[in-house]
Structures are given as structure tokens and as C-alpha cells.
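Student: Fold the following.
(4 chains)
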2 protein chains.
Amino acid sequence: MTHSDPQPVFRALADPTRRAIISMLAHGARPIGDIADGFDVTRPAIAKHLRILEEGGVITVEAKGRERINRLNPEVLKTAADWLSYFDQFWDDRLAKLKEAVENKND
Amino acid sequence: MTHSDPQPVFRALADPTRRAIISMLAHGARPIGDIADGFDVTRPAIAKHLRILEEGGVITVEAKGRERINRLNPEVLKTAADWLSYFDQFWDDRLAKLKEAVENKND
DNA sequence: TTTATATGAAACCTTATGGTATTATGTCAA
DNA sequence: TTGACATAATACCATAAGGTTTCATATAAA
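Tutor: This next block holds a predicted model:
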């Protein structure tokens, strides 16, 4: 319904390292150092990914002392999911029927 | 369940022109020329996008005389949708409840 | 107040990306 | 068979992406 531009989100999702970071942050907010420890690449590389995630609104960064806490902002991912949801009809009849059933019963 | 690598699909989805091509092909298969007519960029540019879509399995190309019909393969998009579906829990409680209700009643 | 720690920032490199213009090839139609 | 048409292929270009190393800065702890 909000129909906002999915481009920054799809851009953020395009890299496997960024998707892994997103998955990691789904389990809790973390500073850069902790994130970088989980990957082969250097911390500056992770910092660049975090910047792109932040630009896309996928994460927010909160300064806390000398640390900077990176927190997932999962609602933004809905922008991409919404774009893809149009194609539900092509692969999942059951979901369409389910949605229909619910719309008739509840709302 | 299939759990295949979403990388080629997310790559295909990363460009706005490619997403527009996907949307266009959702309404029916078309040859390159027809597709290119709908965009500002040149045909070789569209051809490159189609190549990336084909590499990602998002479209299939069928030679038909001197034309080459580009056909959407929408099931592949499910790979990306599945990856994103993990985050449903963060933004949509209703869907979770719905799923639960269905699992209790049907299967 | 040193010293260690967490991060930012700059400079640089290689390859991918998205685009162009031009030329070649295969197929249909007159 | 010749001409028109649909597309492929090639060469080229500018910028973005993803990575590195090195250096600077701010905060916490000794």
C-alpha cells in the first residue's frame, strides 16, 4: 500500500555478504567488530556493506560509547517482499485461496 | 524446502530495468525487439539484461523462426521470496497466525 | 595520562556493471 | 535470389562494487 521504491532494498539484498549480515542482525544488534569477526573479509569491507545497508534503510546505527550498534530494521525488507508478492499467483495457488478465504471470513 | 542458492535471482532483481522487464513478461512472453521498444535504452542493453535474467533462471528463451521468445519463469522468483519470508515474523503477525491456523485445520 | 580498543576515513586496486555504436548472421517475404 | 528484418556478437567506455592497506580519531581502562 505504501508503494515505496524498492531499489535501495534490492540493492542491499544483491550481495551475499550483506544478506548474511542481515541474517546475523536478525538475532540481535551488534557492533561492527562483532559482525566482522564472522566473515573472511576485513572490517573496512564490512563497514562498506553496513553503509549500503544503512542507506537502504535496512539497518539503523546507534552510537553507544566508542561502539556503534548496528540494528536490523526488518520492516524495510517488506518493500522487496511486497514487490515479489505480485508473483505469488504464479507459483502458489494455495496461498491465493487462503487469502481469499480469510478476506471473506475475517474482515 | 528446495533451499537453492538465491544469489543469481537477487542479482537479477537488483536492477530496476530488469525488474521492469520481469513485470512486462508477467503479462506474456515477448521477443527482444518488443521488450526494447518499452524502454529508453538500446537493444544491446536490453539483450544484456535478458542474458542476466536467463543466467539466473528467471526467464527461458525459445527460438522461434528469426525471433527469440523470452518467457518468464516465475517459480524461480520464489527463491528470493522464500529467503525474505523468514522476516515475515518481524512485520506480519497476522500471516503467522494464518499459517498456524491452516496447518492445524488442513494438513 | 598513557595505553589499548572500536571505529572512521582515505587512497588505491581489480573486476563487474550498464551502457553505447558498429558489424555480422540467420530467416522470412517479395 | 535479393532485400528487409530480428537478433547476435564484438569492441569499447565510464562508473560502481567489493576488496585491500594504511593512517587518524575518539573513548574506555590501567
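Student: Return the distance of the closest residue to DNA strand D within chain A relative to residue A:31.
Tutor: Residue nearest to DNA strand D within chain A: residue A:65 (2.6 Å; Cβ to the nearest atom of the strand). For glycine as for every other residue, the C-beta is placed from the backbone atoms N, C-alpha and C. Taking Cβ to Cβ, to the nearest Å as the measure, residue A:65 falls 10 Å from residue A:31.
Student: Those two: which is more packed in?
Tutor: Neighbour count, other Cβ atoms under 10 Å in any protein chain shown: between residue A:65 and residue A:31, residue A:31 has more, with 16 against 7.
Student: so what's the more buried one bridging to?
Tutor: residue A:69 (DSSP bridges).
Student: Quick check, it in contact with residue A:66.
Tutor: No: with contact defined as Cβ atoms under 8 Å, residue A:31 and residue A:66 do not form a contacting pair (9.2 Å).
Student: quick one: pLDDT of the residue of chain A closest to DNA strand D?
Tutor: Here the pLDDT value assigned to residue A:65 is 95.
Student: before we move on, what about residue A:87?
Tutor: pLDDT, read off for residue A:87, is 94.
Student: contacting residues for it?
Tutor: B:26, B:74, B:77-78, B:81 (Cβ atoms under 8 Å, 6 or more residues apart in numbering or on different chains).
Student: same deal with residue A:36?
Tutor: Going by Cβ under 8 Å, 6+ apart, the list of residues near residue A:36 reads A:42-43, A:46.
Student: I would like the residues contacting the helix or strand containing residue A:19, please.
Tutor: Assigned by DSSP states H and E, residue A:19 belongs to helix A:16-25. Contacting residues not belonging to helix A:16-25 are listed as A:12-13, A:30, A:35, A:38-39, A:41, A:45-46, A:49-50, A:52-53, A:58-59, A:70-72, A:77, B:6-7, B:10, B:83, B:86 [Cβ under 8 Å, 6+ apart].
Student: Spell out which parts of chain A neighbour DNA strand C.
Tutor: A:31-34, A:43-44, A:47, A:61, A:66-68 (Cβ under 7 Å from any atom of the strand).
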